[in-house]
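[1] only geometry, no sequence info:
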């Protein structure tokens with residue numbers, strides 16, 4: 001999804017529904033032409049407004065459908081949503097601490113994989129508009145090569161690695177958005 005004010009402040013949004021900022025809207029509009037030239041049939045998006053609005057801006061005037069997939073929404077960190085990461089975040093990711101109201105990392109990974117499998121089971125080619133945490137959980141669950149650090153509204157293509165039964169290859173289709 002495009003940038004939000006909480007991305008700028010490096011605050012974990014979790015499932016707090018933070019809208020795109022103007023820069024995030026510009027990012028989404030900037031990748032629109034590239035996306036619409038890809039061979040995709042639909043958008044599969046998180047229901048959080050930052051992902052949904054990104055998909056709406058990217059699809060522009062096209063008639064491509066937007067399908068909400070609940071399983072690809074961001075993780076909830078419970079009472080820590082809105083905070084910056086710190087040692088507590090690494091401990092939570094490792095399963096060393098429980099945060100009231102938060103999903104466990106293992107439950108989050110399982111949910112993300114279930115959501116991606118729902119998308120992959122469709123005969124239509126989808127563009128997923130989701131969250132950094134979702135991509136991180138996916139990378140923890142399957143092998144994606146090479147390792148790519150993502151930024152807001154970065155367009156990636158994932159394809160099965162023909163030399164492996166389990167690995168996926170990532171291709172970066174758009175560079176990080178720069179203001180003109």
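    Right, received. Where do you want to start? Everything quoted here is computed from the prediction, not taken from an experiment.

[2] Could you look up the SS state of residue 124?
    Put simply, residue 124 is coil when judged by DSSP: H, G, I helix; E, B strand; the rest coil.

[3] Give me the distance between the residue nearest to it when sequence neighbours are not counted and residue 169.
    Closest residue to residue 124 apart from its sequence neighbours, by CB to CB, 6 or more residues apart in numbering: residue 41 at 3.8 Å. Any C-beta I mention is one placed from the backbone N, CA and C, and that applies to glycine too. The gap separating residue 41 from residue 169 is 21 Å, by CB to CB, to the nearest Å.

[4] Neighbour count for these two, which is higher?
    residue 169 (16 against 12; other CB atoms under 10 Å).

[5] The more buried one - that's part of a strand, no?
    Yes: Residue 169: assigned to a strand according to three-state DSSP.

[6] For it, name its beta-bridge partners.
    As for beta bridges, residue 169 partners with residue 145, residue 159 under DSSP bridges.

[7] Now do it against residue 76, distance only.
    31 Å.

[8] Residue 52 belongs to a helix?
    Yes: under three-state DSSP, residue 52 sits within a helix.

[9] What is the neighbour count of the residue lying closest to it once chain neighbours are set aside?
    In space, and not counting its chain neighbours, residue 52 is closest to residue 45: 5.4 Å by CB to CB, 6+ apart. By other CB under 10 Å, the residues close to residue 45 number 26.

[10] Surely residue 105 touches residue 95?
    Yes: at 6.0 Å, residue 105 and residue 95 qualify as touching, with contact defined as CB atoms under 8 Å.

[11] so where do the strands sit in the chain?
    Per DSSP state E, the chain carries strands over the ranges 42-45, 66-68, 126-129, 143-145, 156-160, 167-172.

[12] Cool, thanks, signing off.
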